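A.B. asks: here is a sequence with its predicted model. Questions after.
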Amino acid sequence: MKYYDFNLKGSNYQNDLKLLNEANNLNWDYVKIMYSQEEYTNALKNENILRDETEKLGINFDYGLEINTNNPEELRKLTRKNRSKIKYISCLGGNLKINRAALENRQIDTLSRPYYHRRDSGMNHVLAKLARDNNVCVELSLKDILTNHLSYRAKVISYFKEILLFQRKYKFPLILTSGATNFYDTKSVKDFLSIFNSIGFTNEEINNAISTVPSNIIDFNNNRENMVIEGVCIVDDDL
């Protein structure tokens, strides 16, 4: 089984390299290094150098785009503009209009942290159905538990539990990520199992969220340009 962390926060070449080194030490097989729409193009300048380094390590990575906006129309425009060029697009949630706009949009891979800066989980039955029907993933970040304290940490855990209940009922794709901004924030697969077990996830649910679902997203996006509609692809006659 291969393990995937789809949210390491990119910042510069040196920090990204440290993140990749530590993720490799912690037995992750593949990571997404996430950049904002303002910083993504500059980040690509380091891609070839980083790939040369990661060949020595044995860990794979790709850059991803995290869209951060409170305007649903801007979200749609940025998604249309970048979808053909970028293999992974995530939208930072929290604003309820953005949560809905992201889950309605099949061109978006992941709604990240729908509970962000909210007093609730940011999910409900309607949004859970949208996530399932449009195959948009929902992301929970381990860092939101580890970097908060006391009552707010308890609230975040309750949000995770509520989203898990929605996932069990509606079967939308769910991923768990570290949200690491530096190598001190990175956590091992065993850490994920231990922490998420303690708040009610089964081993199977955790493995699905850090292995099966991320792998499915990669496979889907590798075939996206040949896809006429979901489930129907253009096939090369020479194959």
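C.D. replies: Looks like it came in fine. Residues are numbered from 1 along each chain as shown.
A.B. asks: pretty sure residue 16 sits against residue 33.
C.D. replies: Yes: using CB atoms under 8 Å, residue 16 and residue 33 qualify as a contacting pair, with a distance of 5.6 Å. C-beta here means a position set from N, CA and C on the backbone, and glycine is covered the same way.
A.B. asks: identify the contacts common to these two.
C.D. replies: 8, 10, 43 (CB atoms under 8 Å, 6 or more residues apart in numbering).
A.B. asks: what's the spacing between the second one and residue 167?
C.D. replies: With distances taken as CB to CB, to the nearest Å, residue 10 is found 28 Å from residue 167.
A.B. asks: residue 175 falls within a strand, correct?
C.D. replies: Yes: according to DSSP: H, G, I helix; E, B strand; the rest coil, residue 175 belongs to a strand.
A.B. asks: ok, it touching residue 207?
C.D. replies: No: using CB under 8 Å, residue 175 makes no contact with residue 207, being 11.5 Å away.
A.B. asks: number of nearby residues for residue 154?
C.D. replies: Residue 154: 12 surrounding residues under other CB atoms under 10 Å.
A.B. asks: got the contact list for the one residue sitting closest to the centre of the chain?
C.D. replies: For the chain, residue 6 is the residue whose C-alpha lies nearest the centre (CA atoms, centre = their mean; 4.5 Å). Residues in contact with residue 6 (CB under 8 Å, 6+ apart) are 31, 32, 64, 88, 90, 110, 139, 175, 177, 214, 217.
A.B. asks: select the longest helix from the protein.
C.D. replies: Longest helix in the chain by number of residues (criterion: DSSP state H): helix 150-170.
A.B. asks: and that one, what does it pack onto?
C.D. replies: Applying 3 or more CB pairs under 8 Å, 6 or more residues apart in numbering; DSSP states H and E, one finds that helix 150-170 contacts helix 125-134, strand 137-141, helix 143-146, strand 174-177.
A.B. asks: please repeat the previous calculation with a cut-off of 6 Å.
C.D. replies: helix 125-134 (3 or more CB pairs under 6 Å, 6 or more residues apart in numbering; DSSP states H and E).
A.B. asks: tell me the angle of the helix it packs on relative to strand 137-141?
C.D. replies: Helix 125-134 and strand 137-141 are oriented at 120 degrees to each other (axes from the mean of the first three to the mean of the last three CA atoms, to 10 degrees).
A.B. asks: as a whole number, average confidence for helix 125-134?
C.D. replies: Taken as a whole, helix 125-134 has an average pLDDT of 98.
A.B. asks: in it, what's buried?
C.D. replies: 127, 128, 130, 131, 132, 134 (16 or more other CB atoms under 10 Å).
A.B. asks: likewise stretch 35-51?
C.D. replies: Going by 16+ other CB under 10 Å, stretch 35-51 has these buried residues: 35, 37, 40, 43, 46, 50.
A.B. asks: which residue packs closest to residue 63, ignoring adjacent ones?
C.D. replies: Counting by CB to CB, 6 or more residues apart in numbering, residue 33 is the residue found nearest to residue 63 once chain neighbours are left out, at 5.4 Å.
A.B. asks: per-residue confidence for residue 238?
C.D. replies: In this model, residue 238 is scored at 54, pLDDT.
A.B. asks: one more: residue 112?
C.D. replies: 98.
A.B. asks: that older thread, return the residues in contact with the residue nearest to residue 63.
C.D. replies: By CB atoms under 6 Å, 6 or more residues apart in numbering, residue 33 lies in contact with 8, 10, 16, 61, 63.
A.B. asks: those into JSON lines, with extra columns for pLDDT?
C.D. replies: Output for the contacts of residue 33, formatted as JSON lines (pLDDT from 0 to 100):
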{"residue": "8", "pLDDT": "98"}
{"residue": "10", "pLDDT": "97"}
{"residue": "16", "pLDDT": "96"}
{"residue": "61", "pLDDT": "97"}
{"residue": "63", "pLDDT": "97"}
